[in-house]
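Novice: quick one, structure for this:
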Amino acid sequence: MDTTTIMTNLTIDWLDTEKSRPGQLLLLALEPIAPCIREVGLTTALSTNGPLLTSERFKLLTELLERSAEEPVATRALVQALLPGLLGVGRSLGWGKGLGWETPGDLLIDAISSAFEVCQGWAGQHRKYAGPDILSAVRLRLRRQGLSHRRSKTSDLSTLRDLEDLSGKLTVEDILAKRLSMFSHSTATVLAGRLVSDLTWGELRRRLGLPEREIRRLAEEGARQLLSSFDLASPEREPSQSRVER
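Specialist: Model prediction:
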């Protein structure tokens, strides 16, 4: 199934869900944040060119995640709202080229499933940047899944070879995806923000509520742990400047 068909089917399903009693009650509850939402619908309200400011869209996604613990329809609404971002995740992964997915549609289906899992796992949490946080988590999950598939198809390779991309270059994102569990939550957030989402120090400061000096310390220590088992002086690889240090 192609990506257009998947997106269309989900949107049609959401329009029906939105008209149901649980859907209407959810939109009514969201009106204090987005007064226009029952008039234009969730999808239009949250679109880039819609009536809401960026800050209002973030608040709406945060509210949906908090409500997801008690209202399953809020989880469905949240995933619907994130569909454009999930397409972006697919593009950022080259639509799975070399990572085990045969078609972009296959990757998108897995991205949507992962989004549901993340939303359900985080349901009830207050996350100021719920949308970007969920998309980053989905991207890392899919990256790990793709790397696992690649390893299963390859024999007699070292750990270093396992982490090489199709051009033969070692990517920092590959290392991070494989080793994320070794870091604390704060360090993982900093590394994922800098190396995957390309967040600025200011954005990380607002997200974590920590001084910039502390965030830079976490980044430095995390980068040291991340690369500790690799010989960066190897003549086979040219040195490069990590985004963490910029």
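Novice: and residue 8, how many neighbours does it have?
Specialist: 11 (other C-beta atoms under 10 Å). For glycine as for every other residue, the C-beta is placed from the backbone atoms N, C-alpha and C.
Novice: so it, which state does it fall into?
Specialist: helix (DSSP: H, G, I helix; E, B strand; the rest coil).
Novice: just checking, what's the longest helix in the protein?
Specialist: helix 130-152 (DSSP state H).
Novice: stretch 39-47: which residues count as buried?
Specialist: Applying a neighbour-count criterion of 16 or more other C-beta atoms under 10 Å, one finds 41, 42, 43, 45, 46 buried in stretch 39-47.
Novice: which residues touch it?
Specialist: 11, 14-15, 18, 27, 30, 34, 36-37, 50-52, 57, 60-61, 77, 80-81, 84 (C-beta atoms under 8 Å, 6 or more residues apart in numbering).
Novice: pull out the buried members of those residues.
Specialist: 14, 18, 27, 30, 34, 37, 50, 52, 57, 60-61, 77, 80-81.
Novice: so which of those residues would you say is closest to residue 122?
Specialist: Nearest to residue 122 among the buried ones among the contacts of stretch 39-47: residue 61, at 11.6 Å, using C-beta to C-beta.
Novice: that closest one: which element?
Specialist: Using DSSP states H and E, residue 61 maps to helix 54-67.
Novice: do the same with residue 77
Specialist: Here residue 77 is assigned to helix 72-92, by DSSP H and E.
Novice: so which elements touch the next helix or strand after that helix?
Specialist: With elements assigned by DSSP H and E, the helix or strand that comes after helix 72-92 is helix 104-122. Packing partners of helix 104-122 (3 or more C-beta pairs under 8 Å, 6 or more residues apart in numbering; DSSP states H and E): helix 3-19, helix 72-92, helix 130-152.
Novice: could you pull out the buried residues of helix 104-122?
Specialist: Within helix 104-122, the residues that count as buried by 16+ other C-beta under 10 Å are 104-108, 110-112, 114-115, 118-119, 122.
Novice: so which of those is the closest to residue 144?
Specialist: Looking across the buried residues of helix 104-122 and measuring by C-beta to C-beta, the closest to residue 144 is residue 114, at 10.3 Å.
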